[in-house]
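Student: sequence below, structure please.
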Amino acid sequence: MQLLTDWNGFLAELQNRWPSGTTVYLARDGRYTVMTTTDQSDGTLFRCKHTIRLEEAKAKLTSLGHTCRNGVWSTESDHQSMDELYIAAVAYRTEHKEPGLWVDVYNSAPSPSKVLAKLLDEFNSDGTLDHADNETFQKFASPNIVILNPQHIQSFLAQNQAHNAIDELVSDPE
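Tutor: A predicted model of the protein is given here:
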C-alpha cells in the first residue's frame, strides 16, 4: 500500500505513527524534494513530493526527531532511478542573439545521431523547421551535442552536495 500526500499530511502522518521519530529518505527529483518512509509493520509506503529545498526538509524533519538519509523508498511501479538516466543536450546557433539549447533524458545511452534525430523530429513536428531544412539546420546551427552518463550525473550531484555543505557551514558556523 502507498500513501501519496502533501507536506503537511506527511508531517502529520510521521508524528502520528512515529512520535519518537523514524528514518525518512530524501532525494531531489527536478524541482521537488521527494520524502519517503515505510511502516514495516503493515508495508505502507509514505511518499511526499514538495518544492521545499532538501536542506530545509531535512532540518524540519530532524527538529521533529526523525533521522534523514539520502535515497527513496520505491515500488516497482515508480519511475526509473536517477542512477540509470542519460541526459543529452544540444546547443545550437539561432537567428536570434541568444543561442538555442535543447535537452532530453534517455533510459539508455543514446548516440549523438539519435539525439540530433530526435531534436529534428521535434522541431519538424512543432513547426520550428520544415522537413527540407534538416541539412540547412545542421550547417547553419552548428549543433554541439553533449551526453551525460549516469556517472557524470552522480559526479555533478556529489560536487553540488559538497558545495552546499560548505555553504551551510559558512553561513551557519555553529
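Student: the spatially closest residue to Pro19 that is not a sequence neighbour: how many residues sit nearby?
Tutor: Nearest residue to Pro19 in three dimensions, chain neighbours excluded: Gly65, at 7.8 Å (CB to CB, 6 or more residues apart in numbering). For glycine as for every other residue, the C-beta is placed from the backbone atoms N, C-alpha and C. A count of nearby residues for Gly65, using other CB atoms under 10 Å, gives 13.
Student: host element of Gly65?
Tutor: Counting by DSSP states H and E, there is no helix or strand that carries Gly65.
Student: what sits against it?
Tutor: 19-21 (CB atoms under 8 Å, 6 or more residues apart in numbering).
Student: hmm, try it at 10 Å
Tutor: Applying CB atoms under 10 Å, 6 or more residues apart in numbering to Gly65 gives the contacts 14-15, 18-22.
Student: if any of those residues are buried, put those into a ChimeraX selection.
Tutor: In ChimeraX, this line selects whichever of these come out buried by 16 or more other CB atoms under 10 Å:
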select :14,18,22
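Student: where exactly do the helices run in this structure?
Tutor: 7-17, 54-63, 112-125, 134-141, 150-171 (DSSP state H).
Student: excluding its backbone neighbours, what's nearest Leu4?
Tutor: With CB to CB, 6+ apart, the residue lying closest to Leu4 is Arg47, at 5.2 Å.
Student: show me what that neighbour is bridged to.
Tutor: Leu4, Thr36 (DSSP bridges).
Student: show me the domain layout of the chain.
Tutor: 2-70, 82-151 (automatic domain parsing).
Student: any chance of those domains in CSV, plus mean pLDDT?
Tutor: Shown next, in CSV, are the domains of the chain (pLDDT from 0 to 100):
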stretch, mean pLDDT
domain 2-70, 91
domain 82-151, 88
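Student: circling back to that earlier point, for Tyr25, see how far away the residue nearest to Leu4 is.
Tutor: Distance, Arg47 to Tyr25, by CB to CB, to the nearest Å: 10 Å.
Student: okay if I get the domains of the chain as a markdown table plus distance to Ala158?
Tutor: A markdown table is the format used below for those (distance: least, CB to CB, whole Å):
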| stretch | distance to Ala158 |
| --- | --- |
| domain 2-70 | 11 |
| domain 82-151 | 10 |
